[in-house]
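Undergrad: let me see the structure of the following:
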Amino acid sequence: MPAVHPLLVTAVVAASLAAAGPVLAAGEGAPAAAPAVTATPPAGPTALPAGARYSFAPTEGGALKLDTDTGKVSFCGKRASGYTCEAVPDTRDAYEAEIDRLQKQVNALEARPPSGETSSLTLPGRAELDTALDYAQYAFQRMRTMMNALTDTPPEKAP
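TA: From the prediction side, this is the model:
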């Protein structure tokens, strides 16, 4: 007979007891308290049998199933449709996805354009710069004239 992992046996027993439901008291017809199922994992690490992919650990209301190949954890328990296992949310997956996304963004930002590629951006020439400065000077002088018109005192002449 092949060796069976103790946690697997405990998980099967716990699931069987949970499926049995309440135990009827003899002659009464009223439900008695369900037997308490407590399991303590063996002290220290235990080796899984050769070729065993899944490890089970009993929990309240079901069992946790660990996929030893991928590290994914599922919660297995009785539902209306029978026994089902649902993946336990793993925040590590979300962190790894965010790290991958950010790494791709960094790589794209650090990528340099191929040599020989020219930029479509052209800097303004001296004439365009002079025109812009003339316009800014005109706007500033006009604003200053309007402010001086609002004050009661005339502007002082520069010596």
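
Undergrad: longest helix of the chain?
TA: With residue count as the measure and DSSP state H as the assignment, the chain has helix 126-150 as its longest helix.

Undergrad: how about the strands in this protein?
TA: In chain order, the chain shows strands spanning 54-59, 62-67, 73-79, 82-87, with DSSP state E as the criterion.

Undergrad: export those to JSON lines and tack on mean neighbour count and distance to R126?
TA: The C-beta positions use only the backbone N, C-alpha and C, and glycine is treated the same way. Supplementary listing: these in JSON lines, determined by neighbours: other Cβ atoms under 10 Å; distance: least, Cβ to Cβ, whole Å:
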{"stretch": "strand 54-59", "mean neighbour count": "18", "distance to R126": "76"}
{"stretch": "strand 62-67", "mean neighbour count": "19", "distance to R126": "70"}
{"stretch": "strand 73-79", "mean neighbour count": "15", "distance to R126": "69"}
{"stretch": "strand 82-87", "mean neighbour count": "12", "distance to R126": "66"}
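
Undergrad: which residue sits closest to G61 in space, ignoring its chain neighbours?
TA: G77 (5.4 Å; Cβ to Cβ, 6 or more residues apart in numbering).

Undergrad: so what's T59 bridging to?
TA: On the basis of DSSP bridges, T59 is bridged to G62.

Undergrad: just checking, it touches S74?
TA: No - at 11.4 Å, T59 does not count as touching S74 under the criterion of Cβ atoms under 8 Å.
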